[in-house]
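Undergrad: Predicted structure and sequence below. I'll ask about it afterward.
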Amino acid sequence: DRINDLVGNWATEEQQAGNKVFSWNIIKPESVRSIAAKVPTTIEELNGLGILGENIIKEYGNRLIRNINGFIQQEGLQETISQKRPPKRAKVDSQKSSPPPTSILDDSFDEFDTGVDFGSIDIP
């Protein structure tokens, strides 16, 4: 409910600025449920969920993460959250790791690359 209220407030801000934006245009209800279940506490974790488009994360990501972390602190859930997360793997020294496999196909050209973040478009 807290995330829904937050997204609703953002939509109201957008509407007051003259934009026809509704909460589901910012973050879809199923994405809100996923965020609430996964509890990302950093932008990297939020990106890792793969449910929000780049523009949405750029516009609202920091505020969302601040609110999530504020709720965790307010409710004293730091220990609970850390117990649910798998331990972080140690970083491997990139000097010693083998080079990435080379690709036979040249996928540097994308004829459909329009610069549009299709993840942020809500298609009914």
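TA: Done, it's in.
Undergrad: residues in contact with stretch 67-79?
TA: The set of residues external to stretch 67-79 that reach it, using CB atoms under 8 Å, 6 or more residues apart in numbering, is Arg2, Ile3, Leu6, Ile35, Val39, Pro40, Thr41, Ile81. (C-beta placed from N, C-alpha, C; glycine too.)
Undergrad: Do me a favour and get the end-to-end distance for stretch 36-54?
TA: Distance between the two ends of stretch 36-54: 19 Å, counting by CA to CA, to the nearest Å.
Undergrad: re earlier: and which of the contacts of stretch 67-79 is nearest Ile56?
TA: Using CB to CB, Ile35 comes nearest to Ile56 of those, at 11.4 Å.
Undergrad: which residues sit in contact with that closest one?
TA: For Ile35, the contact set (CB under 8 Å, 6+ apart) comprises Ile3, Ile27, Leu46, Leu49, Ile51, Leu64, Ile68.
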